[in-house]
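1. Give me coordinates for this.
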Amino acid sequence: MSATLEAPEAPALPMFTPTPEQPLILTDRAAQEVSDILEQQGNPEGVALRVYVAGGGCSGLQYGMALDENVEEGDQFFEDKSVRIVVDPMSLKYITGSIVDYVTTPMGGGFKVENPNAVRSCGCGSSFSTEDDASGATVTGGCGSCGSH
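-> Next up is the predicted model:
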């Protein structure tokens, strides 16, 4: 007798049209995960979820998230589902319109960004490139987290 393990079907992501006041959103699951983490840390005053983009990863750019209480010049603050979010100006141009989700797989759980600006992304969704930086340059290596390279 053989059994096939199937991953549960992910719920559909919400429809979203970005605005200058709300450039990205969190799913209910992602907001709950962030809220849980903040609660475990005693709900520190002035802490926001920083969502950013940095160079690297197997597709050229990679997403990052951190709890941050620092304010940098040009940072944009907004709130979604009672979670305070901050994004720097450089990152904002790459992730406007994105939906941050929290997914659980047989290998564990983590945040995943659904980015309408990405023209290519890593198998695990942690690395991407956009039309602006997808100039055909060969990117070698891998992100190291998805095993698809």
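2. Now name the helix or strand holding the residue positioned nearest the centre of the chain.
-> The structure's the chain has its C-alpha centroid closest to residue 113; by Cα atoms, centre = their mean the separation is 3.4 Å. Assigned by DSSP states H and E, residue 113 belongs to strand 108-114.
3. Partner strands of that strand and their direction?
-> Strand partners for strand 108-114, identified by DSSP bridges, are recorded as strand 99-105 (antiparallel).
4. which parts of the strand it pairs with are buried?
-> Burial within strand 99-105, assessed by neighbour count using 16 or more other Cβ atoms under 10 Å, is assigned to 99-102. The way it works is simple: take the backbone N, C-alpha and C, and place the C-beta from them, glycine included.
5. residues in contact with the one helix or strand residue 39 maps to?
-> For residue 39, the enclosing helix or strand under DSSP H and E is helix 28-40. Contacts of helix 28-40 with the rest of the structure, by Cβ atoms under 8 Å, 6 or more residues apart in numbering, involve 26, 44, 47, 49, 67, 80-83, 100-103, 111.
6. how about the helices of the protein, start to end?
-> Taking DSSP state H to define them, one finds helices in the chain at 28-40, 89-95.
7. Deepest-packed of these, please.
-> helix 89-95 (a mean of 17; mean count of other Cβ atoms under 10 Å).
8. Show me what that helix packs onto, helices and strands only.
-> Counting contacts by 3 or more Cβ pairs under 8 Å, 6 or more residues apart in numbering; DSSP states H and E, helix 89-95 packs against strand 48-55.
9. in its sheet, what does the strand it packs on sit against?
-> As assigned by DSSP bridges, strand 48-55 forms pairs with strand 61-68 (antiparallel), strand 83-87 (parallel).
10. Could you identify which of these is most buried?
-> Here the criterion is mean neighbour count by mean count of other Cβ under 10 Å, and of the strands paired with strand 48-55 the winner is strand 83-87, at a mean of 21.
11. tilt between that one and helix 28-40?
-> Put simply, strand 83-87 runs at 100 degrees to helix 28-40, going by axes from the mean of the first three to the mean of the last three Cα atoms, to 10 degrees.
12. pLDDT averaged over strand 83-87, what's the number?
-> Confidence over strand 83-87, taken as the mean pLDDT, stands at 96.
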